[in-house]
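> Sequence and predicted structure below; questions after.
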Amino acid sequence: MTSFGWLHLTDLHLGMDQQSGWLPAVEDKFFEDLSRLYEKTQPWDLVIFTGDLTFQGSADEFKRVDDFLGRLWARFRQLGANPSLVAVPGNHDLVRPDLDKDLAAKLLRNSWDTDEGIRKQFWANPECTYRQTITTAFKNYSRWWDKTQFKLPTAQPGELPGDFSAILRKGDASLGIVGLNSSFLQLSGGPYKSKLAVDPIQFQKACEGNGPYWVKQHNTCLLLTHQPPDWLNEDAESQLELDISSYFDAHLFGHMHESRYEAHAPAGTPESRCFQATSLFGVDEFEDSPGHKRRHGYAIGRIELEGETGRLTIWPRLANRVGNKWNYVDDWKDIFIQDEHTLPREFTLKKALPSLTLSPTVNVGAPESNTADQEPLTNRWAIVVGVNDYKQFSKLQYCRQDAKDMASAFREKLQFHQVFEFHEEAEPEFQPTRDCILQKLYQLRYSKECKPEDLLVFYFSGHGINEGGKDYLLPINADLLDVDTFGIRVKDLVKILKGFGCANTVLFIDACRDAVQGAKGVSAIGEDSTTIVSDAGMIAFFSCDPRERSYEIETLEHGSFTYCILEAIQRTDYSTVDELNSYLIEQVPKINDKYKKRPQRPRSVIIPPTRGNLTIFPRSRGQSQGYQDLKDILFTKMEQGEIDVTDWVSAVGFLDSISGKARLYANDTRKLGAIKGLCYEGWLPKTFSEHWKKLATRTQRLPVPDYGKNLPSLQ
C-alpha cells in the first residue's frame, strides 16, 4: 500500500494588526498539536495552503510568510518530516487596484457576468489590459511563489497568476495536484458570493493543454482553490462541477473560516468529495458581523492507494479557547469524527497501482536501484554543446574537446540514461547549429520521456554575448549582424527546459571567452542569465563573473572551468550541487594562477537553496561499480574455462588501472570496448582473446573521450 499525506492550512492573514497580541500563543499551541498528531497521521508529503497567506498582499507580508514557514519547517525537521509546499492565492493575497483610477479593474469588478466581450478578450489575449490588471494585482504573490524555497519543485505555472499543476511520486504511484486562482475577480471589498469565476481554460492550460488527459496519467489527483464552489457565479459553478472538479478525487479550499466536508453523488454520478479547512489565524470576529466568532484550526489529510482503490481520510482540528488558554481538539462541530478522523471514503483510482512483484531475472551490468545511498532520481539526461569553428566569430581551441569529454564522463563515469552530444565532429543531426540544438530539445521535451523526478543537464562551451541587455549563447552558425535570430537567447533556452517539467534541471555555461570581434554586444553574459535562471527556479553554474573571461588552457587542452568539473566527477567527495560549487570556487582560480592566466571566479545560481543537496554526480551508479560488474563476469568466465588465466589477469588489471582516470586514451577505449563485447555483447572467447592480444601491442596516443560506445563485434 502507498499513501500520500498532507497538512492543509488556509487563511493565515499575516499582516493583520489584530493578530500581533495573540498570534504567538496560537502558533505555539499549533506547533504542539502538530507534534502530537505526527506519529498518528504521517507521512506528511505536502503542506497545502489554500489562500489568504497575507492580509493585503504586500511584499513585506510575503516576507513574513516565509519567516512563518521557516519556523514551521524547523518543527518538521524535529519531527523527521520534510514536506513540500503547494499553494493557491486568496482574495487577500493581491494588492487591490484603485477602481476609481483603473477602468479595466472596474469593468472586471462590475461587468464580468454581463459583458461577454470582456470575458472573451480576457481569456483570448494574455496581453490585454484586463489580464495585465490581474498580473499586476498578484505580482507580489507571484514573486513570492517563484522564489520560496519550500515549493514542490515539480510545480508548473498555468494561465493566471497562482494557477499551477504539480506531480508528487512515490515509487510507481503518482499524485497530481492542480491549483486554480478563484480570487482573480475579487478586486475590492464588499460582497462577492456568487460573483466569482473559475474557467476550464485555467484547468487545461495548467495541465499542458489537456486537463482530463493529464489527470488520468496519475493514480489520484487533488484540486485546490481558495473559495468554495458556491462563491462562483451560476455558470462558473456549473462549469467547475462538470468540466473541472469531476476529474479530481478531492477538492480542497478555505475562505469561510469554518470546516465543511461534503461527499455526494447526484443522480448516481461518481462521488465527489469537497473539504473546507478552518482559518489558521485570523481576527476573533468578522468585521462585518460583530459577535460572530471566527473559528481557527487546520486539517491533516491522507489518501491510501492499494490496487484499484483509494481511501480518503481527514483529521480536522479546531483551536478551542477555554479559561483564556488555547487548545486544539477534534473539529466535530460540523463533521462526523471517529477516532479523531473522518470515516475513510473509498473511490476508484484513475490508474490502478501495480502490484509488487519480484523479477525472476537480473539485468547484468545494470545500475542497482533502491540502494540506501542512491539519490531517488529515475533517469539522468544531458544535452552537451561545444563549438570551436565559428564562421563569423573568433575561433576557439578546446570547446569541442570540453563537450566531448563531458559527454563521455556523463555516459561512462556517471552512467546517464541518455546523452546528446553536439559539436563539429558529430553526426549531421548533432551539428552545433541553432536549428539542430533546438530541434533536439523540442523533440525530447514533447516525447515526455524525461520525467519530473529525473535529472536534466544542459552544458554549453563556446561563445556567449550580451546584446541589448539580453544574454545569448552562440551556436556555430550565429550571425554577428543578427544575434537575435541566429543566437540562442538564454531566456528562450530556459523556457524550453522549464517545459520539460523536470524538477532537477542544471545548467553549465562556459561561455565568456575572448572578445567577440565585429559584434555590437559585449562578450560577457551573466546578469540577465542569473535573473532568468533564478526566476525559473533552476540550478546554474557559470564559468566566471560577468566582468571576467573564461580561459582555455593549452597544456590541459580544456577550459579551466570544464577541466575542474571533469576533475570533480572523478572524486568521491564532490557529488552534490553545494559540494561541486565549493570545489569550483576554490579550484578554478588556482588552475588559472598555475597556468599564468588572469583571475576567473566561477559563480552559481541555486534556486531554491535547499537544492544544494541535490546529487548530480552520483557514486552509487558510477564507473567503479560498472567496472566491478565487468570484473565479476570476467571471473566467472575464467572459472568456466571460457578465457585463459593470462587474459583474465590482464583484463582485470586494466580495469583497475582506468578506474580513476578523468579521460581514456584511444587504446584504453578499444580495450574497454573489447571487454564489454565479451561480457555484454556475445563476443566469442576466441575473438576476444585475439583482439585483446593485438591491443596489448598498441601504443597510447591522443585521448579519445567517446568511450561510451562499444566496438563493433568482430565475429
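Yes, it's here. Residues are numbered from 1 along each chain as shown.
> Now do the contacts for the closest residue in space to residue 32 that isn't next to it in sequence.
With CB to CB, 6 or more residues apart in numbering as the measure, residue 328 is the residue that lies nearest to residue 32, at 7.9 Å, once sequence neighbours are left out. Heads up, the C-betas are built off the backbone N, CA and C, glycines and all. Neighbouring residues of residue 328 by CB atoms under 8 Å, 6 or more residues apart in numbering: 29, 30, 32, 33, 297, 317, 318, 319, 320.
> Mark which of these are buried, thanks.
Of all the contacts of residue 328 considered here, the ones buried according to neighbour count by 16 or more other CB atoms under 10 Å are 29, 30, 33, 297, 317, 318, 319, 320.
> okay, the residues you listed in CSV with secondary structure next?
Putting those into CSV (DSSP: H, G, I helix; E, B strand; the rest coil) gives the following:
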residue, secondary structure
29, helix
30, helix
33, helix
297, strand
317, strand
318, strand
319, strand
320, strand
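> Of those residues, which is the nearest to residue 506?
residue 30 (37.1 Å; CB to CB).
> The closest one is in contact with residue 327, isn't it?
No. With contact defined as CB atoms under 8 Å, residue 30 and residue 327 do not form a contacting pair (10.8 Å).
> what residues are shared contacts of the two?
residue 319.
> ok, and the closest non-adjacent residue to residue 95?
For residue 95, the closest residue by CB to CB, 6+ apart turns out to be residue 57, at 4.6 Å.
> residues contacting the one you found?
92, 93, 94, 95, 96, 137, 138, 140, 141.
> The most centrally placed residue in the chain and residue 140, how far apart?
Ranked by distance to the mean C-alpha position of the chain (CA atoms, centre = their mean), the top residue is residue 503 at 1.5 Å. Noted for residue 503: a distance of 25 Å to residue 140, by CB to CB, to the nearest Å.
> now do residue 416
Between residue 416 and residue 140 the distance is 40 Å, computed by CB to CB.
> Comparing the two, which shows the higher neighbour count?
residue 140 (23 against 20; other CB atoms under 10 Å).
> Doesn't the more buried one lie inside a helix?
Yes. The assignment for residue 140 is a helix, going by three-state DSSP.
> Name the nearest residue to it, ignoring sequence neighbours.
Nearest residue to residue 140, sequence neighbours excluded (CB to CB, 6+ apart): residue 59, at 4.9 Å.
> thought the one you found was touching residue 141?
No. Look at residue 59 against residue 141 with CB under 8 Å: they stay out of range, at 9.9 Å.
> Give me every residue in contact with stretch 550-559, excluding its own residues.
Applying CB under 8 Å, 6+ apart, the set of residues contacting stretch 550-559 is 396-399, 401-402, 405, 461, 510-513, 543-544, 560-561, 563, 566, 591-592, 595, 597-598, 600, 703.
> For these, which ChimeraX command selects only the ones that are buried?
Filtering the contacts of stretch 550-559 down to the buried ones (16+ other CB under 10 Å) takes a single ChimeraX command:
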select :396,398,399,401,402,405,461,510,511,512,513,543,544,560,561,563,566,591,592,597,600,703
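> Show only the entries of the contacts of stretch 550-559 found in strands.
Secondary-structure check on the contacts of stretch 550-559 using DSSP state E: residues within strands are 461, 510.
> Return the set of buried residues in stretch 636-645.
Within stretch 636-645, judged by 16+ other CB under 10 Å, the buried ones are 637, 638, 642, 643.
> which two in those are spaced the farthest apart?
Taking CB to CB, the two most distant members of these are 638 and 642; they sit 7.3 Å apart.
> which secondary structure elements does the longest helix seen in the chain contact?
With DSSP state H setting the assignment, residue counts place helix 59-79 as the longest helix in the chain. Helix 59-79 is packed against helix 23-41, helix 139-147, with contacts defined by 3 or more CB pairs under 8 Å, 6 or more residues apart in numbering; DSSP states H and E.
> Outside of the following helix or strand past that helix itself, list whatever touches it.
Stepping forward along the backbone from helix 59-79, the first helix or strand reached (DSSP states H and E) is strand 84-88. Residues outside strand 84-88 that contact it (CB under 8 Å, 6+ apart): 45-51, 53, 69, 145, 148, 150-153, 155, 162, 164, 166, 168, 177, 179-182, 224-226.
> can you pull the buried residues of strand 84-88?
With burial defined by 16+ other CB under 10 Å, the residues of strand 84-88 counted as buried are 84, 85, 86, 87, 88.
> Stretch 129-144 too?
Neighbour-count burial for stretch 129-144, with 16+ other CB under 10 Å as criterion, is recorded at 130, 131, 133, 134, 136, 137, 138, 140, 141, 142, 144.
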